[in-house]
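# got a structure for you, letters missing:
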């Protein structure tokens with residue numbers, strides 16, 4: 001069977017669904033340079049040898065997700081489809097191998113990107129975007145528990161696979177405020193798994209939510225703005241793609257250093 005080769009660039013923080021338990025939305029770029037989304041993937045339930053990292057090249061059998069109108073949206077041929085990890089792009093020479101693929105097509109104009117998302121012939125739902133200016137990094141509290149009906153449904157059908165419990169729900173959402181090339185200011189939520197993992201690590205190290213939040217901001221604002229050449233991986237949600245004024249979320253961050261003579265020093 002034919003398999004598709006994909007460079008993984010995006011892994012969103014797991015969400016809870018009644019059909020697929022913890023679902024992780026994965027996105028990446030094919031050998032041909034095309035964006036592709038694979039969703040849903042029950043990431044923590046698949047065999048450890050198949051649990052890909054960001055910037056892994058994988059091979060997997062996929063098919064178009066007919067329930068999703070976005071052209072980049074695919075799904076596993078079956079939930080038992082093998083995900084084969086065949087290579088990993090390292091950070092040598094300030095992410096040079098990653099840059100060669102990720103930075104081939106970069107958008108600077110958010111309005112243009114949104115128009116392409118609304119265009120019935122294009123329906124663009126994934127892109128690399130470079131903000132002209134980062135104004136601020138903020139966070140706001142949200143519900144601390146997963147929806148009780150979803151948890152009950154999962155428990156009823158024993159979909160946790162004897163794992164014990166579902167992943168912790170983030171009690172905060174994190175956002176960047178930025179300008180594009182036209183000096184248009186926007187606020188956009190960050191859905192990347194990496195920022196969620198950093199929050200939990202900060203909470204473990206700092207022992208208070210306030211200090212954990214400052215720990216996250218230290219990386220995503222103080223450190224990244226001063227030391228890194230930021231781009232965003234942007235993606236839409238199926239639910240809001242056609243109805244929201246701006247349907248995009250930040251689903252990942254691309255952050256090579258501004259000065260390649262130094263090395264990343266933040267404890268990732």
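Happy to help now that I have it. Values in this document were obtained by computation on a predicted structure and should not be read as measured data.
# and stretch 213-233, what's buried?
Buried residues in stretch 213-233, counted by 16 or more other CB atoms under 10 Å: 213, 215-217, 219-221, 224, 227-233. Bear in mind the C-beta positions are built from the backbone N, C-alpha and C, glycine included.
# just for the stretch 1-150 of the chain, where's the confidence low?
Low-confidence segments of the stretch 1-150 of the chain (pLDDT under 70): 1, 17-21, 147-150.
# repeat the analysis, applying 90 as the threshold.
Residues of the stretch 1-150 of the chain that meet the criterion pLDDT under 90 lie in 1-2, 14-25, 39-48, 78-82, 143-150.
# how about the helices in it?
Counting by DSSP state H, counting those that start in this stretch, one finds helices in the stretch 1-150 of the chain at the ranges 92-102, 110-118, 148-156.
# report all helices and strands that the second one contacts.
On a contact count with 3 or more CB pairs under 8 Å, 6 or more residues apart in numbering; DSSP states H and E, helix 110-118 meets strand 126-129, strand 248-254.
# so which of the buried residues of stretch 213-233 belong to helices?
Here DSSP state H is the test, and the buried residues of stretch 213-233 give 213, 215-217, 224, 227 as lying in helices.
# so which of those comes closest to residue 10?
Among these, residue 224 lies closest to residue 10 (CB to CB), at 17.1 Å.
# the closest one contacts residue 254, correct?
No: look at residue 224 against residue 254 with CB atoms under 8 Å: they stay out of range, at 10.5 Å.
# could you dump the helices and strands packed on helix 110-118 to JSON lines with mean neighbour count and distance to residue 70?
As requested, the helices and strands packed on helix 110-118 are arranged in JSON lines below (neighbours: other CB atoms under 10 Å; distance: least, CB to CB, whole Å):
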{"stretch": "strand 126-129", "mean neighbour count": "21", "distance to residue 70": "8"}
{"stretch": "strand 248-254", "mean neighbour count": "23", "distance to residue 70": "12"}
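# distance check, residue 207 against residue 56.
Taking CB to CB, to the nearest Å as the measure, residue 207 falls 33 Å from residue 56.
# for those two, work out which one has more neighbours and name it.
Using other CB atoms under 10 Å as the criterion, residue 207 and residue 56 rank with residue 56 on top: 18 against 9.
# distance of the more buried one from residue 49?
12 Å.
# so residue 201, which state does it fall into?
helix (DSSP: H, G, I helix; E, B strand; the rest coil).
# and the buried residues of stretch 213-233, which two are the farthest apart?
For the buried residues of stretch 213-233, and using CB to CB, no pair is farther apart than 213 and 229, which are 24.9 Å apart.
# quick one: residues in contact with stretch 80-89.
3, 5, 7, 46, 49-50, 52-53, 55-62, 97-98, 101 (CB atoms under 8 Å, 6 or more residues apart in numbering).
# one step back: can you list the helices and strands packed on helix 110-118 in TSV and add distance to residue 238?
TSV is the format used below for the helices and strands packed on helix 110-118 (distance: least, CB to CB, whole Å):
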stretch	distance to residue 238
strand 126-129	12
strand 248-254	12
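# nearest to residue 177, of those strands?
Judging the helices and strands packed on helix 110-118 by CB to CB, what sits closest to residue 177 is strand 248-254, at 11.3 Å.
# what angle do the closest one and helix 110-118 make?
Angle of strand 248-254 versus helix 110-118, following axes from the mean of the first three to the mean of the last three CA atoms, to 10 degrees, is 120 degrees.
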